[in-house]
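> no sequence for this one, just the structure:
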């Protein structure tokens, strides 16, 4: 089986996850999803207060080399033990997520186009492009409701690291995209085109 690897990048709150969920819902077990967020580096050596102050929007925050190794393993037909990140404590958990090779593998994250080794593994690179005001509002709602953050901490993090790192690394990576999708999973025209491309690959894998 030859896996078809799709990269879905874009700024925080852009709609990457929504687009990924739409594809997963459509193709079910034929699709595996790997989030770059799970490859945040472990920082057991730092207390919680210091982990809170780290810059999580810089490429160096991720163990991207491990992600590259594991995607390559999936391509070879091997099952991987993907790390799991706990956003409530700003550190990796002790859990891992077993991911088996599938016909389609989606790689999702804000900075997956910033590393050429990871980028070169992708068959299609999609950048989800959404207005900055919409993205920050989505991030506030997500981090306060789902990650236990205070409004003040979300705003502070956005102004000190998220926004400048977006401008330095995420936005320029848009040039690497094959497809730019405004509004992510809510863009039904783009979603339909991507679905057709994935269906074409899956049908090709099923033919003798």
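Happy to help now that I have it. Quick caveat, the model's predicted, so the values are computed rather than measured.
> remind me, longest strand of the chain?
strand 91-99 (DSSP state E).
> got the angle for the very next helix or strand once past it vs strand 91-99?
Beyond strand 91-99 on the C-terminal side, the first helix or strand identified by DSSP states H and E is strand 104-108. Interaxial angle, strand 104-108 versus strand 91-99 (axes from the mean of the first three to the mean of the last three C-alpha atoms, to 10 degrees): 170 degrees.
> now do strand 104-108: which elements does it pack against?
For strand 104-108, the packing partners by 3 or more C-beta pairs under 8 Å, 6 or more residues apart in numbering; DSSP states H and E come out as strand 4-10, helix 16-27, strand 31-35, helix 64-75, helix 188-206. (Glycine included, C-beta is placed from N, CA and C.)
> got the contact list for stretch 154-171?
9-12, 55-59, 110-111, 114, 132, 136, 139-140, 143-144 (C-beta atoms under 8 Å, 6 or more residues apart in numbering).
> apply 7 Å and report the result again.
The contact list for stretch 154-171 (C-beta atoms under 7 Å, 6 or more residues apart in numbering) reads 11-12, 55-59, 110-111, 114, 136, 139-140, 143-144.
> what residues of stretch 117-125 count as buried?
118, 119, 121, 122, 124, 125 (16 or more other C-beta atoms under 10 Å).
> and if you look at stretch 157-166?
Under the neighbour-count criterion of 16+ other C-beta under 10 Å, stretch 157-166 has 157, 158, 161, 162, 163, 165, 166 buried.
> state the mean pLDDT of it.
Taken as a whole, stretch 157-166 carries a mean pLDDT of 86.
> now do the same end-to-end measure for it.
12 Å (C-alpha to C-alpha, to the nearest Å).
> likewise stretch 165-175?
Start-to-end, stretch 165-175 (C-alpha to C-alpha) is 16 Å.
> so how far is it off the chain centroid?
Average the C-alpha atoms of stretch 165-175, do the same for its chain, and the two points are 14 Å apart (C-alpha atoms, centre = their mean, to the nearest Å).
> isn't residue 51 right next to residue 42, touching?
No - taking C-beta atoms under 7 Å as the definition, residue 51 is not a contact partner of residue 42, at 10.2 Å.
> sorry, back to before: out of the contacts of stretch 154-171, who has the most neighbours?
Counting neighbours by other C-beta atoms under 10 Å, residue 11 comes out on top of those with 28 neighbours.
> give me phi/psi at that one?
Phi and psi for residue 11, reported as degrees, to the nearest 10, are phi -70, psi 170.
> go on, residue 12?
According to degrees, to the nearest 10, residue 12 has phi -60, psi 130.
> state the distance from it to residue 94.
26 Å (C-beta to C-beta, to the nearest Å).
> same check, this time on residue 61
Counting by C-beta to C-beta, the gap from residue 61 to residue 94 is 20 Å.
> so which of those two has more stuff around it?
Neighbour count, other C-beta under 10 Å: between residue 61 and residue 94, residue 61 has more, with 19 against 7.
> which neighbours do residue 51 and residue 42 share?
With C-beta under 7 Å, 6+ apart as the test, residue 51 and residue 42 both reach residue 91.
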